[in-house]
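J.: quick one, fold the following:
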Amino acid sequence: MNLPAIYDEDSGAQVLALLLRLTHQHHRTLLLVTHSLDVAARTDHVLRLAHGQLQTV
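T.: The predicted structure is shown next:
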């Protein structure tokens, strides 16, 4: 079930920046699922699920 976001856009941007920074600093992988093309554009690698198939973007 999708629940509505509790934070505003500024808070969301701060949380995303923190997650991305920590991921890079600690050489870890972050699996992020989003419908936002703006969020996806900030990542190193994007996969798209279309018609049950994963596609590299």
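
J.: which residues of this structure fall in strands?
T.: 47-50, 53-56 (DSSP state E).

J.: the first one pairs with which strands?
T.: If I follow you right, that is strand 47-50. Each strand paired with strand 47-50, and its direction, by DSSP bridges: strand 53-56 (antiparallel).

J.: number of residues surrounding the nearest residue to V39 once chain neighbours are set aside?
T.: The shortest distance from V39 to any non-neighbouring residue, by CB to CB, 6 or more residues apart in numbering, is to L16 (6.3 Å). From N, CA and C alone the C-beta is placed, and that goes for glycine too. For L16, the count of nearby residues is 18 (other CB atoms under 10 Å).

J.: is L16 in contact with A41, as I believe?
T.: No. Using CB atoms under 8 Å, L16 is not in contact with A41, being 11.3 Å away.

J.: which residues of this protein score low on pLDDT?
T.: When residues are selected by pLDDT under 70, those of the chain lie in 1-7.

J.: so where do the helices sit in it?
T.: 9-25, 37-41 (DSSP state H).

J.: nearest to G52, out of these?
T.: Ranking the helices of the chain by proximity to G52 (CB to CB) places helix 37-41 first, at 19.4 Å.

J.: how distant is the closest one from the center of its chain?
T.: 7 Å (CA atoms, centre = their mean, to the nearest Å).

J.: which residue is the nearest non-sequential neighbour of the residue nearest to the spatial centre of the chain?
T.: Per CA atoms, centre = their mean, the C-alpha nearest to the average position across the chain is that of L32, at 3.9 Å. Counting by CB to CB, 6+ apart, T43 is the residue found nearest to L32 once chain neighbours are left out, at 6.6 Å.
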